[in-house]
Each structure stands twice: as structure tokens, then as C-alpha cells.
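[1] My questions are about this predicted structure, shown below with the sequence.
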Number of protein chains: 4
Amino acid sequence: MSTKRDFADITDSLAAQAIELPSWAFGNSGTRFKVFGTPGTPRDPFEKVSDAAKVNELTGLAPQVALHIPWDRSDFVALAAHAADLGVRIGTINSNTFQDDDYKLGALTHADERIRNKAIAHHLECIDVMDETGSRDLKIWLADGSNYPGQADMRGRQDRLHDSLSTIYDRLGEDQRLVLEYKFFEPAFYHTDVPDWGTSYAQVSALGDKAMVCLDTGHHAPGTNIEFIVMQLLRLGKLGSFDFNSRFYADDDLMVGAADPFQLFRILYEVVRGGGLNNPEVAFMLDQCHNVENKIEGQIRSVLNVQEMTARALLVDKEALAAAQSAGDVIGANDVFMDAFYRDVRPELAEWRESHGLPANPVRAFRESGYLEKIETERVGGTQAGWGA
Amino acid sequence: MSTKRDFADITDSLAAQAIELPSWAFGNSGTRFKVFGTPGTPRDPFEKVSDAAKVNELTGLAPQVALHIPWDRSDFVALAAHAADLGVRIGTINSNTFQDDDYKLGALTHADERIRNKAIAHHLECIDVMDETGSRDLKIWLADGSNYPGQADMRGRQDRLHDSLSTIYDRLGEDQRLVLEYKFFEPAFYHTDVPDWGTSYAQVSALGDKAMVCLDTGHHAPGTNIEFIVMQLLRLGKLGSFDFNSRFYADDDLMVGAADPFQLFRILYEVVRGGGLNNPEVAFMLDQCHNVENKIEGQIRSVLNVQEMTARALLVDKEALAAAQSAGDVIGANDVFMDAFYRDVRPELAEWRESHGLPANPVRAFRESGYLEKIETERVGGTQAGWGA
Amino acid sequence: MSTKRDFADITDSLAAQAIELPSWAFGNSGTRFKVFGTPGTPRDPFEKVSDAAKVNELTGLAPQVALHIPWDRSDFVALAAHAADLGVRIGTINSNTFQDDDYKLGALTHADERIRNKAIAHHLECIDVMDETGSRDLKIWLADGSNYPGQADMRGRQDRLHDSLSTIYDRLGEDQRLVLEYKFFEPAFYHTDVPDWGTSYAQVSALGDKAMVCLDTGHHAPGTNIEFIVMQLLRLGKLGSFDFNSRFYADDDLMVGAADPFQLFRILYEVVRGGGLNNPEVAFMLDQCHNVENKIEGQIRSVLNVQEMTARALLVDKEALAAAQSAGDVIGANDVFMDAFYRDVRPELAEWRESHGLPANPVRAFRESGYLEKIETERVGGTQAGWGA
Amino acid sequence: MSTKRDFADITDSLAAQAIELPSWAFGNSGTRFKVFGTPGTPRDPFEKVSDAAKVNELTGLAPQVALHIPWDRSDFVALAAHAADLGVRIGTINSNTFQDDDYKLGALTHADERIRNKAIAHHLECIDVMDETGSRDLKIWLADGSNYPGQADMRGRQDRLHDSLSTIYDRLGEDQRLVLEYKFFEPAFYHTDVPDWGTSYAQVSALGDKAMVCLDTGHHAPGTNIEFIVMQLLRLGKLGSFDFNSRFYADDDLMVGAADPFQLFRILYEVVRGGGLNNPEVAFMLDQCHNVENKIEGQIRSVLNVQEMTARALLVDKEALAAAQSAGDVIGANDVFMDAFYRDVRPELAEWRESHGLPANPVRAFRESGYLEKIETERVGGTQAGWGA
């Protein structure tokens, strides 16, 4: 029923894949109940970049590191040079409008013009950083929202959001972009000012070509068909970037592919289907919290999960699938699709990795590298990095 | 803290309110497990219109009846005359692309051009009906979707949907509109071709000014903030109509306001806030199934629920609310909002209703009217109307 | 990190596996919107059993067929003989308390004693059938519930449920059992009288050792960790049977493993972990609806999905897993677990199947067998079986 | 259709109502993104008790304050005396097994005996506190769980949970109880060791009569019918206590009644129906986070919400309801139920409150009392209390 594709057919695509790592994944994170620290956690952006570079060294998949302002404030020229020394680059700049006392009831949407202007100014500062680091993308995730019905005027906030974004958009350089992330809930519990892809799409469409939607795989209502949204945003030309992670319940920020590997497969299939793979318009990025597992291992496992699923998605026998689909052969089409999902691509990937001078098993290689012991010994004293610093 | 509005301030708005009734609510409906019939159920569109007119007679709230094609195929001129005799009009025309064997795997999105054309032709026939009945709106709810990953090419279907809708749109008369309903799931279980407001918005925006979004309150993922969507669509000028009902789990199609009265209040507050009340652009309609309760009583109770919640929404002390909101007084703003929700408007509504020649308690009036006994006696023989006929 | 188990280590367990097929899966089913018929659909229980036997013939996995009363009412002795001729047996007897007009507002829980007694009598009749067919299990799934708050007295219904079940329980033969299925919602939309495992557990515990819980994998709230319930019920000695299927949203009744293969793996791992595999106490059964796909192929694919995932679950390297778990090695333990999930067991299973005289690819074998063409030709006239008959 | 009950009929029940306040509600709380502090926040348990006493003073509803160990460690005899001076008592003692580094991967269920023993010892210390404060209830909420499939052996953990609880249970004094809280997810994201009422019920049933279930209204899967669980636990004699709050999405810990007032009504109706109101076996308690609203006002509003809904639940016309229910009058029964919900009991409650020497509007009375200004002035310096201290 199917004319399978060979692994050799997809290696060029795999070789071109790049997944950006978030600097904050290497710092401590947790829940409102507790943030557990671990020996070896970075104390500053330089150490975070070092850890990220280690992931890239072992996987060849992660040449860029995203920064979060103000958590990663530093000498950005020196930081970029440090990154370059380790074979990586500074990538997306992420703003933060949720930790200043002024933002308790909103930032870009706040009823008070003074606070809106402060939040806008923060984004302009982020663009300054982008100019220094050579970053292309400004990622805006807003915690803006409300906890109680009646607390806020949702309509007025939406209009103010447009105004604030417009000011920020106007400051973008010619080759710079703004990506607007949406999120179903949290930290606001009644309404979120950018809760769904439709809102992000409507807002960025009103700005212009340099504004795109950012899709975080953990930011949807239960049961949402995420690959449909991927398909739709690619179709509309507005998928700017991914924040990959996985979830069972809410925005769990688990390792991508850990909670529902088949969903990751379906998402990556639509990426391939819609021309989003290795397309410079669509940035792949992780956004995860390693609350209980080792952070560097967690990042390695995550980029490997994306790579393995990309391989499976690329291996879908398109001709057989199209034939079964147009024949209305439900079982047949599903079989072709599942056949790629169930292929164990790991041995071929390991071999291919080795042929490119990379370890066959990057997690094991990390464990055997002594890197963890080294940072545990060296990174003593100071304050471990986390979401607060 | 609040300068309450008086009931007298809102009676003009209440007097103008109109809620369209669906003809099919008077026929039998049920679940995949069983459709229970009841004595007195209409056998044809004329009897459905009679029942709908009874609801309007007792409530003054329901001057229009929506039809569903082919369920309500008949002599439309005669049917319109019958309606007029009873003081009501024919309203929205609903198409059906889910009960013909050809549509098993899709209609407007089907891979097979023949089937797409058949589905398009059905919609053109519906516009012919609109011409006969003088209806303004063509409502399109699509069952199109798939049950299994890989079964269908979601991207291709989206493109074909656009093409099919364009052909239908082009046939609309100058004063006619197309409203596109979205639905999270059911009857398709893996993907739905119009699953969310974002997709409906993107599709209708690509058509033109005469295409709008239809929001069915039961067609969202669990936890969705529906009033936010109402706000957003009103803001974007694309809220064409409501299908009211309520739900605990899926698309339960229970009486509007029955499952979460506070949600209905919040929705209607945003309607009022956004200028959607008594705005000809925004059609109010019920879409419900009375599986276990009396159908006519169910419709009476439902329009009353909408009316009562509209009254509460109109009674929100806007000035006090705005003041608390801009002061960042969370408890205060929520209190103003809840104060309107908790007002028992029923006695004043009953009095006002009586002053307009309507019964104080329409459900009781119906029970005492003898209408039910009459139709139980008269409607013997024939086939009771349901979703199938 | 792991000492992998060989396929040869698990073939005995695989050889012992048996999955019961529901007779109704071979009849037509659908949604409240439409039931699509297909050529070749059985017209009576004998033809259903023939189709089920075909599945068993091609897979060696399905030696039993469950019946549903009254849908499968017939000469049960003749039916059992027909089954035996084809190499299968009659299994679980399923009662039906949702299609009689009397049961509109409840059956075993109904406020009216007459209706409760009628529902009890139906179950006693089912036990009579069990005596004839030699079946062990009576499966009770109740549609009892309510659609509106206040409609019913939930507490009184729970007490009446206990009384009704007690009467039925007392009629069970020495080697017979009652399994009580729970379901989150549908067809009732506000409350269900047996909504969760806790209620089923409390009810069957009050009856005695011959009453057990039936877990349908599609009958839970969104996000429920089903494998935890499997673990708990096995631990409490009360897991009587499985109804396998899969879902994206509600009780979609899709092919098991189709929506979330990893969840099926986790469930089967807990079955293995808790001693539930090939344990006579725990019956494996499918309960699915093949609304758009070929029904016989759907059943074949489903039992294969269970078999393949069972193989993967059996291949988990228990020692390596236990070692990583007790070392608190989160990534390591997850890796061992995922390693088994990602193994492509299909080639080894195909080979093993052939060595047992079964086709390597049962779906393809079915397509090439001519069986479908045969029944399409032969089964002309009469009324196709469905949920109504 | 209904013979309404008078407000005078229910005042005795209202007068007896008592709702315990959690000390931690007066400290700072927030999300993983940010904890916002506010002027006047207590620095120690004594100041928390003072704030709680203020709530009781203004409402007459909250005579007890629950403590959390270790957050409230202090001279408990002095603290109890301080409480008595202000007219309140120390109530439930809550343990904490989620903030010690040792508990990262579990506490009472941990694979390591040393850590289990440490967690057990903490609970024995809590019982010592109970002996000092004269508290009856030890509340155990466990953060135990895992984030990744395979990370932990769920079955072994369940058995160890039983063993740990048994040791704690054995230490309880004759008049002391243990209540075991369940929670769907968070802070663990894959599995929770006590995820649902069924697990809590099975565990406490295995302990004995002094162990009961604690139901937190925010700890369920989306769509769960919570009032059904209330009914069932009352029926089974195992409802030990409530943790009231409300939610839109996850465990939002909003003010009780804020998200879904009708749900609170239904819950309280089942409490009344099942004999749980003013029943010493069933403790009413709040467990909330006032992230953005004033904390003392938040607690006042919350106890008032419970009181108002209790009044409405008590006003349900039981006879009319029972009559409609047994007549199978769906609309009628729902109407009787809704009639009580829609009654605006606030004016009568305000009057009754005044007749008992309490302010008609306790929130306004608080705002006019000068208490907030006083604590803002006095509580300067030191460290504001929060979840960490």
C-alpha cells in the first residue's frame, strides 16, 4: 500500500534543522509551590550560554540562544562574543512585563497611560538589545489579563494593546520582526488579553508584514487540535515562531514530545506539509521548565525529540497518503500516516549523527563528558539564575 | 460605591429585543443513543411555525423562525403567509451538508469536485429559498472534518473551503448575508474544518463585507472565555449572529442559561458593552435540543432566560464600574458587576410584561392555555418531525 | 543504561492475549447527525458473528464476541453453535436501558418503582441469556442521569441504584460476574448516575466479590490520567474489564490507539505492571464505532493496535527502569520507558504471526481475501443492523 | 407551582454557619511568574490571626483560623491565647511536604525510606501542634507525583502512601481526625498520587473512621460535576471537609463563588440535601489566593458568598421540587431549583446581619473601618509572610 521513503532522502532536511534554546531553561524554575535549585546552575547569562553551547556541541541542533530581558541583562557585545567563541549565536529577544510591581494589573493594555508607556519603553529597550546582538525577533508574551469578571474592560484593553503594539512595531528595524505569543490562561485566571491564535492573528495583521504569531504548544485549551492551527497560520502566512514544550494539563512546560509524542508528530507533519521546515520565516524554539530533571539533559532530550519526530514526519509516504486520501480510504490513509510515526528512526539517526562527528547518544555523551561535574564544582557561590534574576 | 440603574431605564432596550427560534427545536431530537418522541410533535414546517408563534405570543420575544433545508422544504410562500397570519416571519435559512451519503467525508471541502459542486448547489438553492421568504441570512454550519489523523489533507480542504464559499458568496443578493458557524468538534472527532472563531474570521474576511461569523455558545473548547470572543468579534465588526444554548461538557444544546447563568450574563454584558444589542448586524437565535423536556416550554424558558440576563446586563452601573476599573479596585469592580447579576429582575419583568399585554409567567400561561393538549389531540398520525425529516 | 528485553521473551504472553469484539461494531453506527450505512453490513447477529470470526481468523486475537440485548436477540443456542463453527465463542452480555420510552428519565435509578422493576427484569433476562450462552460477564452501562440541575434527586437515585443492582447481583450464578461501567457524560448532560471510577467502585464494593468495575477508555474527563485508574483498580482488586477505544474530545469511540498511542502504551504498561495481562479476572474488550471507516478493517486494526502496544509494554526493561526510578534519575527512567515505546515491533510481530499461520499484514490480507466483496454481494435486502436493531 | 420558603425559616441555619479561614490567605501569594506584595501584609502568625479575626468581627461567619506548618510555627499557646482575645480559635492544622529539598520527588510516597520517615515525622509534629492548639483536624495535601511517564512507580507509591498514612493515623488522638485532600494536578504534571476522590476515599477507608476525604472545589478535571461528589461522599459518610475557592481553568484559587456562582449553589444544595450543613463532621474552610485583590476584603467577600449561596440553597422549595421530580416534570423541577438561585437574598441578609449587631455591608464596613490604613502604617519592616515563610 505504501512506497516508503528512505532515510537517505531526508538527511539534507535534517542537516538544516536548527532549534533555538531559551537561556532561562538553564536557570532554576518551578511552580508557585517551590523552585528547587540544583548544583551547577548558571549564575549569569554567560554561564547560561555556555550550557546552551554544550547542547549544541553534542547535538548539532541548537546554534542559537534566546535571551530574556531583564533576566539576561549584561554586556551584550561581550555576551555575543562569548557565544561566538562557543559556536552559537544570540537569537530571539524576549521581553518581560510581568515582574514589575507596576504591571500587577496589566502592561501594554493597562488603563494607566504611564504604565503603558513604561511597558512600551521596555520593548524599545529590547529592540536596542536586538540591535546590539544582531537578533531578528522580538518575542512578546503578555501576562496581561484579569482574575475576576468586571475587574477590567476587555474591549478597552484590546484597543490599547493595538496602540501599544503599533508604537513598538514602528521602532522595528528593516530586518527585524515582532512575534506575538498567545496564551489560554495563567498567570491571569479569568481573561487573558491575547488568549488564542485568532486574537494574535487579528492584532499582528493590523500591524503589518513584520508582525507574526508565535505558537507555544502549551498555550491552548484542552483538546485543541494544534496542528490545525499550525496549518492555518502557515496558510495565512503568519506563523512566525514556535515555542515547543509539552503538557498534560495546563502550561506544564515539560520536555517537548514527552506528554504526547504523536501530537508532536502531527504538528511537524503539518510544518513539513505547509513548507514551514527550514523556512527562515518560521523560528523553532524551545520554551520549557526543567523542574525536576537535569536541565542540560532536558534540553538535549528535547531537541532530539524534535529531530526524531521531524525525521518521522519527513518519512511520510506523501504519494501513498495522497492516493489513499483521494480514494476516501480512511483506514489506508491512516495506516500510511501511522507507518511513518511507528518507524524507529533512532538507529539511523544515531549512525547519521556519528557520520557528522556527533555522538550517537548525546544524553549519554553528556553524562560521560564530565561537564556536569565540572560546573557543579566551579559554580559555587553567587546566586543561581532563575525567573527572578 | 454604586449608583444603580433603574428598571425603567432599560425597558426600551428590552422592548426592542428579538430572538429567532429554530424550527427544528419543535421537532424531536436526541442523542446517538435514542431520540424520544412526544405527543404533539409537529409533522411539518407549518406546525413548527405554529408552535414558534405560540412562543412569541406568550413572550413577545420571538418574532422570527429560522428554517432548515431540507427539513423544512415546503411551499415557502404559503409557509411565509402562515407565519404572517400568526404574527411571525421566516428568518435565517440553514443549510444541511451532513445527511446525504455523498457527504460522509466532507461537503464544501470534499476532495471530489462533484461532491463539492453538489454542496455548493445546495447552498444556492438555500439562497433561492431566501429570495422567496425574504430572509436575510444564510447560515452555514459545516460537519466537514475527519476522524483519524492522516485521513484528510487539512490544508487542501481549507483552500477548497475558501473556493466553495466564494462561489456561494457571489450569489448573495445585495441585502443578503452569509454567516459561517464554527464548531470545536462533532460529528467529526479528529479535525473540524471550521473549528474556531479564528478560522471562521479568516475565511469570512477573505470573502467580503456580507460574510460574518456565527458564534454558537456550545461550540468551544472547555474553559473558553466566550465573552472575550464576543468582544473581539464585535470589535472586528464580524459578529453576524449568535446560536444560543448551554452546555456542561460538549455541544449539549441545553436551554440557554441553564448550565452557567453567570456566563450568559457575561456574554450579554459584552454584547451591550460592544453595541451588539438591538443592532441589526447581530442576529440573536436559539439553537437547542429539548431531548427530555417539553419543547415549547423549553423555548419559552430559553427566550426568557436571555431576556432576564439582558436586563441584568443592562442594569450594570457603568459609571461605577468604570470608576472602580480605572482605580484598580479589583473587589470594587467585581462587586459592581456582580451586583447587577444578583438582582432579581423577575418581578419587574413580570410586571412590565403584563403592562404590555403579555402573561406575567409565560411558562405557566402556556401550561394553562390548553395548547399542548390541543396539539396532542390534533397531531395524530403522520411522521413526527426530527432531524431526519 | 538499559538491558533490553528480546522479542522472544514476550511471545508467550502475546500468544495468550485475547480481545473480545463487540457484535455492534459490525453494525452501523454514527452520531446524532447521521448514521451512514455501508454495503455488506450484517442484518442479524449471525452475520455479525461471522464478521467477528473473520477478524479472529486473520489475527488470532479475538476468540470472543460480546452480545448486546435486545439488539442481538435470537436463538442463542443456534448462535453459539454458529460461533463455535467459526472458531469463536459468545462472551460478555451487555444490557440496554436507554432505548425504551420508559427509560427517558432513568432505568435502574428511576423514581418510579414500576420502571425500575422493568429495568431489573431486563437484566435478569440478560442473565438468562448468559446461562444459555455460557457467558461469564454481565456488563451494565447505564445511560441514567439528568440534563438539568434540579431535574432529579441525585442522592435518591444513588440509593435506588444500589437496591436495583443488589437484586440483579443476587441472581448471578456462581461463576458469573457483573461489571459496572462508568461514564463521565452522554447521553445525560448534567449528571450521570455512575460518572467516575470512584462511584462504580463504591457501588460494586457494596455488592460483593462478583461485582467489578468496567473501565471504558473513552469515558473520562479531559486530561484524566487513565493509567493511574488502571493501576488503582488492579491494586484494589476491582478491575473487571476494559472497553477499549480512543478519543480526542468526548466519547468519540474511535479505534483504540488511534488518538493517543502513547496513552495506550502507558495503560498497557500498568496492566502488565499490575498483573492484569492474561489474567482471567480482567477482560479485554473493544467498544468502538466505525462511523466512516470499514468496520471489519477497523476491528482488525484495533486488535493489532492493542497487540503492538502490549508488545511494547512487555519490552520495557524493568530492571533498568526500577534502577533509574530508585536513583531519582528522571531523564534516565523516562528514557527507559520511552525506549520501549519507540521500538518498532511490527516487523517482529509480522514474522511471529506468520510463524503461527497468520497473515503478516492482516489488514492487507483482509483486503485481498475477497470477504468484503462477498458480503457486499450476499447481504442484499433486509435491514442493516445498527444501534436500533 | 411553588410554595416558597420564607427567609425567616432559614435564619437559624444561617446563624449556626461557620467557615474556617486559612492563615495563609492573609500572606502574599501569586503564581510562578510573580508574587506581588502589598502594604500591611502580616509578617507573622499573630498578625495573620488578627486579620482573620477582623473578618469574623465584620461577618460573624469565621470563628476559626487554620494554620500551616511550618509557615505558622510559633508559640502556639500564645497564638491560641491571641486568637481567643480576638474572639476566634485555632482550627485545622495543615502539613507541608512540598518545600523541603528532600521532597522534590515525593514525601509520604518517596522511594527512599529516610525521606518517607522524615515526612511522617513532620505529620507527627503537626499532631503535636494539634494537641497544643486543641485542633481536631490534620489536613494532608500531598504534592507527591511525577512529571514524566516512567519517572516513578505509581503502584509502589500508592502502597507506600498507605503505609505512611497508617503510621500517622495511629498517632491521632481519640477526638482527632485526618482529612486527605485530593488534587487533579499541580505541582506534579504527569501523575498525582492522590488525584481524585476515589483514591482519597479508598485510602481513608483503609485507615478507619477517623480518616475522611477533603474536597477542594478547585481540584478537579474540567467539567467535573462537583456536587455529585459532595452527594456521594456525604452518602458514604466520608466527607470530612471542604476547601472552598473557585476557578475558571486550573487550581486558580479565586474567591469562592466568583467563577461560577451557580455551581456553588448546586454544591451547597447537595450539602443541605445530604445533611452536611452545620454538621460537625463536615468542616467548611476557605483555601484561596488573593493575588491581585485586597486579601482581607477577599476573605470577607468569600465568606459572604458562601453565606448568600447557603441562604439560597436553604430556600429551595423542597416539597415543590420533590413533586416536580417525581412527576417527571423536567422544566418544572428546574424552575423550582432556579427560583431559589435567582432570589436576591442580599437585602434580607443585610437586615438580618444588622439585627445581630453586624454591619449590613461588611466589605464597605471594612473599608470605612480604618483597619487597612492602620496595618499599612504599623506593619513596616520585617518580612511579609507568604508561602515560603
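    Yes, it's here.
[2] Quick check: which element contains the closest residue to residue A:275 other than its chain neighbours?
    Take residue A:275 and drop its neighbours on the chain: the residue closest to it by Cβ to Cβ, 6 or more residues apart in numbering or on different chains is residue A:234, 6.7 Å away. (Each C-beta comes from the backbone N, C-alpha and C, glycine too.) Following DSSP states H and E, one finds residue A:234 within helix A:226-236.
[3] Determine the three-state secondary structure at the residue lying closest to residue A:212 once chain neighbours are set aside.
    Nearest residue to residue A:212 in three dimensions, chain neighbours excluded: residue A:240, at 2.5 Å (Cβ to Cβ, 6+ apart). Secondary structure, DSSP: H, G, I helix; E, B strand; the rest coil: residue A:240 is strand.
[4] again with the one 10 residues further on
    Assigned by three-state DSSP, the conformation of residue A:250 is coil.
[5] so how far is residue D:185 from it?
    According to Cβ to Cβ, to the nearest Å, residue A:250 stands 7 Å off from residue D:185.
[6] Run through the residues that contact the residue nearest to residue A:212.
    Residues in contact with residue A:240 (Cβ atoms under 8 Å, 6 or more residues apart in numbering or on different chains) are A:137, A:177, A:179, A:204, A:211-214, A:281-283.
[7] if you look at stretch A:364-374, does any of it touch chain C?
    Yes - contact of stretch A:364-374 with chain C (Cβ under 8 Å from any Cβ of the partner chain) involves residue A:364.
[8] And that stretch, end to end?
    From its first residue to its last, stretch A:364-374 covers 16 Å (Cα to Cα, to the nearest Å).
[9] Stretch A:78-95 too?
    End-to-end distance of stretch A:78-95 (Cα to Cα): 20 Å.
[10] what does stretch A:15-30 give?
    End to end - Cα to Cα - stretch A:15-30 spans 34 Å.
[11] how about the residues of the stretch 51-200 of chain A near chain D?
    Near chain D, when you scan the stretch 51-200 of chain A using Cβ under 8 Å from any Cβ, you find A:98-99, A:101, A:104-105, A:143, A:146-149, A:151, A:184-187, A:189-190.
[12] Name whatever forms a beta bridge with the residue most central in space within chain A.
    Taking Cα atoms, centre = their mean, the centroid of chain A lies closest to residue A:243, which sits 2.3 Å from it. Note on residue A:243: beta-bridge partners by DSSP bridges are residue A:216, residue A:285.
[13] Nearest to chain D, out of the contacts of residue A:240: which one, please.
    residue A:214 (17.4 Å; Cβ to the nearest Cβ).
[14] Just the C-alpha atoms of stretch A:211-226, please, in PDB.
    These are the backbone C-alpha positions of stretch A:211-226, laid out as PDB (Å, rounded to 0.1, in the frame of the first residue of the first chain):
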ATOM      1  CA  ALA A 211       4.500  41.100  12.800                       C
ATOM      2  CA  MET A 212       3.800  37.400  13.100                       C
ATOM      3  CA  VAL A 213       2.100  35.000  15.500                       C
ATOM      4  CA  CYS A 214       4.100  32.900  18.000                       C
ATOM      5  CA  LEU A 215       2.600  29.500  18.700                       C
ATOM      6  CA  ASP A 216       3.500  27.900  22.100                       C
ATOM      7  CA  THR A 217       2.400  24.300  22.100                       C
ATOM      8  CA  GLY A 218       1.400  24.500  25.700                       C
ATOM      9  CA  HIS A 219      -0.900  27.500  25.500                       C
ATOM     10  CA  HIS A 220      -4.200  26.000  24.300                       C
ATOM     11  CA  ALA A 221      -7.500  24.800  25.700                       C
ATOM     12  CA  PRO A 222      -7.800  21.100  26.500                       C
ATOM     13  CA  GLY A 223      -8.400  19.100  23.300                       C
ATOM     14  CA  THR A 224      -7.300  21.800  20.900                       C
ATOM     15  CA  ASN A 225      -6.100  20.500  17.600                       C
ATOM     16  CA  ILE A 226      -2.800  22.300  17.500                       C
END
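[15] List the buried residues of it.
    Using 16 or more other Cβ atoms under 10 Å in any protein chain shown as the test for burial, stretch A:211-226 gives A:211-226.
[16] Quick one: buried ones out of the residues of the stretch 51-200 of chain A next to chain D?
    Buried among these (16+ other Cβ under 10 Å): A:98-99, A:104-105, A:143, A:146-149, A:151, A:184-187, A:189-190.
[17] Of all pairs in the residues you listed, which one is the farthest apart?
    A:99 and A:149 (25.5 Å; Cβ to Cβ).
[18] For the residue in the stretch 1-150 of chain A that chain D sits nearest to, the count of nearby residues, please.
    Chain D sits closest to residue A:31 of the stretch 1-150 of chain A, with a gap of 3.9 Å, by Cβ to the nearest Cβ. Neighbourhood size, residue A:31 [other Cβ atoms under 10 Å in any protein chain shown]: 19.
[19] Next, the contact list for it, please.
    A:291, D:32, D:186-187.
[20] Inside strands: which ones of those?
    Nothing among those maps onto strands, per DSSP state E.
[21] Just put those in a markdown table and tack on pLDDT and distance to residue C:336.
    Converted to a markdown table, these look like this (pLDDT from 0 to 100; distance: Cβ to Cβ, whole Å):
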| residue | pLDDT | distance to residue C:336 |
| --- | --- | --- |
| A:291 | 96 | 20 |
| D:32 | 96 | 29 |
| D:186 | 97 | 26 |
| D:187 | 97 | 24 |
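[22] which residues of the stretch 51-200 of chain A score low on pLDDT?
    Along the stretch 51-200 of chain A, no part satisfies pLDDT under 70.
[23] quick one, strands of it?
    A:64-68, A:89-94, A:137-141, A:145-146, A:177-181, A:191-192 (DSSP state E, counting those that start in this stretch).
[24] neighbouring contacts of the longest one?
    The list of residues contacting strand A:89-94 from outside it, by Cβ under 8 Å, 6+ apart, reads A:20, A:22, A:63-69, A:76, A:79-80, A:83, A:126-127, A:129-130, A:133-139, A:141, A:179, A:241, A:283, A:285.
[25] Going by neighbour count, which of these are buried?
    A:20, A:22, A:63-69, A:76, A:79-80, A:83, A:126-127, A:129-130, A:133, A:135-139, A:141, A:179, A:241, A:283, A:285.
[26] quick one: which helix or strand includes residue A:377?
    Element membership for residue A:377, per DSSP H and E: helix A:371-378.
[27] tell me the average confidence for that helix?
    For helix A:371-378, mean pLDDT rounds to 98.
[28] what's next to it, contact-wise?
    With Cβ under 8 Å, 6+ apart, helix A:371-378 has contacts from A:39-40, A:42, A:47, A:51, A:54, A:294, A:296, A:366.
[29] Next: stretch A:317-325.
    For stretch A:317-325, using Cβ under 8 Å, 6+ apart, the contacting residues are A:1-5, A:332-333, A:335-337, A:339-340, B:111, B:150-153.
[30] still on that earlier bit, quick check: which of the residues of the stretch 51-200 of chain A next to chain D are also close to chain B?
    Counting by Cβ under 8 Å from any Cβ, the members of those near chain B are A:104-105, A:147-149, A:151, A:184-185, A:190.
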